[in-house]
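Here is a sequence with its predicted model. Questions after.
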Amino acid sequence: MTTFHLSGFPRVGAKRELKFAQERYWRGEISEQDLLDIAKKLREINWKHQAEAKADYVAVADFTFYDHILDLQVATGAIPARFEFDSQNLTLDQYFQLARGNKDQFAIEMTKWFDTNYHYLVPEFHADTQFKANSSHYVQQIREANALGLNAKPTIVGPLTFLWLGKEKGVAFNRFDLLPKLLPVYVEILNALATEGVEYIQIDEPALVLDLPREWVAAYKEVYATLSAQVNTKLLLATYFGSVAEHADLLKSLPIAGLHIDLVRAPEQLSAFADYDKILSVGIIDGRNIWRANLNQVLDVVEPLKAKLNERLWIAPSCSLLHTPYNLTVETQLQANKPELYNWLAFTLQKIQELSIIKTALEQGRSAVQAELDANQAAADSRATSKDIHRPEVADRLANLPKGADQRKSPFAERIKLQNAWLNLPLLPTTTIGSFPQTKEIRLARAAFKKGELSLADYEAAMKKEIELVVREQEKLDLDVLVHGEAERNDMVEYFGELLDGFAFTKFGWVQSYGSRCVKPPVIYGDVARPEPMTVRWSQYAQSLTQKVMKGMLTGPVTILQWSFVRNDIPRSTVCKQIAVALSDEVLDLEKAGIKVIQIDEPAIREGLPLKRADWDCYLQWAGEAFRLSSMGCQDDTQIHTHMCYSEFNDILPAIAALDADVITIETSRSDMELLTAFSDFKYPNDIGPGVYDIHSPRVPTAEEIEHLLHKALAVVPKERLWVNPDCGLKTRGWKETLEQLKVMVDVTKKLREKFN
């Protein structure tokens, strides 16, 4: 036989049931038991799908109410001491406070999970951190699966990756030194799982695909020798998101039962493990993207492995399927409107069916699934020859850009003088990142319009009413640079994708970004072009309502690329530049319409950084070029802003500076302005707006907290170049807290200005 297993499944449910249950619980509309019951039902449905697809092991311990790394902090007793919670007796309310903050403490810092668009909560380690095992939430899931008669394979992140993903807090120390204290706790946790009768435990160590320091790599030998000797079941070590070929000798020497490698992201690494003499699990179906696999090509790879490894061959998705939407078959609109594209796609349920077909073919021969293979090949052939994908005019424009198209006419020092002359802003100008609360009324109007229950005229009138509300409230707050609030936008990427050629959309293709936040990425399937203006009339309308400066808002090319499901038949760099050139037309139209402060958001630029440093320069070159191309041709007195959040920029600051945005706004409040130290050391040359409060928490910051952060910012950024703003957009917040938060921010800023006069 060939073993088919999974690392993880989408947590939020086919219809985002978990998201809605969480939010109802937070609002006090359902009880804790109601939420627990819904979660249990979702887990059972997930396991049922896996079992029906002939998976030999169902994934457990992958389900979480917020984040799997937060769950691991609870399991190891490593929750932040500043909350003063007992990790052994943590309540569900306290668990959510760790993720969302409370009136006394800001939430745990959040950042990207490797190079994905999923966010994890960053462990806070202190030199005196004490670990203590609490495996109850993992054990519960195993027992539920066992009760259903299923073979459960729990998956948890390994100790070295867990430590690597955290941050040192307090006095200076090396978190690596915590390993001797952490390892016995892992042994206790894993043995608690083993006691439930599981045959295998999967331990994820994706940190191995990074450029780890030598001492971290060397530690794998001792760590896994200890775990293998002291844990009473078999261990499968899993890597993904890149190649671990450079560590092949080390991995082969570990006393583990088996190894999982990602052959989607790094197919070339297979040769390094050709002589592996234990279980080799190969990730052969893409857990990160939605394109249907070419099953004949996959079989060409795994059939020789099957002949060599026999029952030691395991097959799996490349990584957890939490990054893919749930079910393609519900996309009836896509099937009706773009049947060819529909036939090229595979969501989670389709991916496990692909693995089921491969499993059958390996065990019974291709003839046993010939009809399925023929249909699959026909879809692959139609995509390769489709005329709906390639637009010669797009390729021609990209190939014939003028020399220096991605460079501004003058350097920043000259541009900023021209911009300041007409902007006439006070010291420490205040602004927001762009979006304002997406109220129930906005969502209902949008839904009614999409269903045909609201006319275009009535819908636009409703949006204009919301825009006027946003403008008037900002005027009352006395913000300096206003935004229109983005009432008409469903999502910062989806909105633009709907107005660009080469994009398609699903109705239910949701994936988890963090907690209850889900996104529905566009599908970039063909060459990208802008048929008509996308934001101009909304920004013009907002500007007509006020004498203050109105900022235009666009999503940048790298972020649109990163937050979409991207075609895999041409280089990502080419797709990104196509988007950039399309956006540049929008920038010039905004400029002509009198909108001369334009923000081009790039929160995903760090996230797209390759995991290996050797690949960074190439990526940063084309990503930077794409960002600059998005504003090509604009005048010197047009001020280009960009926004970046929830990422570490320290190691790519030269590339961030090379973007040459006039103003950069960044997330810094959760890290207590830690990021600004790097900007100071680097001597970042342009204007900076570090976020002064965390918008992902409903709590209203105190004046003292914001003043503390602004003083820290002023210690490293000259007051003439410092802007004041929240961490991120305000879309997910309620109006009451938004106004209270912004009022504190503006009041503190005005008091600080008085000190400089």
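In hand now; what should we look at?

ok, what's across the strand from Tyr200?
With DSSP bridges as the criterion, Tyr200 is bridged to Lys234.

how much space between it and Gly258?
Distance, Tyr200 to Gly258, by CB to CB, to the nearest Å: 8 Å. Quick note: C-beta positions are derived from backbone N, CA and C, even for glycine.

Might one say that Glu144 is in contact with Lys40?
Yes. Between Glu144 and Lys40 there is a contact under CB atoms under 8 Å: 6.5 Å.

the more surrounded of those two?
Glu144 (17 against 14; other CB atoms under 10 Å).

any residues touching the helix or strand where the more buried one lies, and which ones?
Glu144 belongs to helix 136-147 when assigned by DSSP states H and E. Helix 136-147 has contacts (CB atoms under 8 Å, 6 or more residues apart in numbering) with 40, 43-44, 47, 58, 60-61, 63, 71, 74-75, 151-152, 154, 156, 189, 192-193, 196-198.

Buried ones among the residues you listed?
Using 16 or more other CB atoms under 10 Å as the burial test, these include 43, 47, 58, 60-61, 63, 71, 74-75, 151-152, 154, 156, 189, 192-193, 196, 198 as buried.

Could I get the buried residue list for the helix holding Glu144?
In helix 136-147, counting by 16+ other CB under 10 Å, buried: 137-142, 144-145.

Over it, what's the mean pLDDT, rounded is fine.
Averaging pLDDT along helix 136-147 gives 97.

Toward the C-terminus from that helix, list the very next helix or strand.
Next helix or strand after helix 136-147 toward the C-terminus (DSSP H and E): strand 152-157.

Following that following strand in sequence, what is the next regular element?
Following strand 152-157 in sequence order, the next helix or strand is helix 159-165 (DSSP H and E).

Run the chain-centre distance for the helix or strand just after that next one.
With elements assigned by DSSP H and E, the helix or strand that comes after helix 159-165 is strand 167-168. Relative to the centre of its chain, strand 167-168 is centred 21 Å away, using CA atoms, centre = their mean, to the nearest Å.

What of stretch 681-693?
Computed by CA atoms, centre = their mean, the chain-centroid distance of stretch 681-693 equals 23 Å.

Over to stretch 24-43?
On CA atoms, centre = their mean, the centre of stretch 24-43 falls 25 Å from that of its chain.

pull the CA atoms of it into PDB?
What follows is stretch 24-43, C-alpha atoms only, in PDB (Å, rounded to 0.1, in the frame of the first residue of the first chain):
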ATOM      1  CA  ARG A  24     -20.700  36.000  17.800                       C
ATOM      2  CA  TYR A  25     -19.000  34.700  20.900                       C
ATOM      3  CA  TRP A  26     -16.900  37.900  21.200                       C
ATOM      4  CA  ARG A  27     -20.100  40.000  21.000                       C
ATOM      5  CA  GLY A  28     -21.700  37.900  23.700                       C
ATOM      6  CA  GLU A  29     -24.400  36.500  21.300                       C
ATOM      7  CA  ILE A  30     -23.500  32.800  22.000                       C
ATOM      8  CA  SER A  31     -22.100  30.900  24.900                       C
ATOM      9  CA  GLU A  32     -18.700  29.300  25.300                       C
ATOM     10  CA  GLN A  33     -20.300  25.900  25.000                       C
ATOM     11  CA  ASP A  34     -22.000  26.900  21.700                       C
ATOM     12  CA  LEU A  35     -18.600  27.900  20.300                       C
ATOM     13  CA  LEU A  36     -17.000  24.600  21.500                       C
ATOM     14  CA  ASP A  37     -19.900  22.600  19.900                       C
ATOM     15  CA  ILE A  38     -19.500  24.400  16.600                       C
ATOM     16  CA  ALA A  39     -15.700  23.800  16.600                       C
ATOM     17  CA  LYS A  40     -16.200  20.100  17.400                       C
ATOM     18  CA  LYS A  41     -18.600  19.700  14.500                       C
ATOM     19  CA  LEU A  42     -16.200  21.400  12.100                       C
ATOM     20  CA  ARG A  43     -13.400  19.100  13.100                       C
END
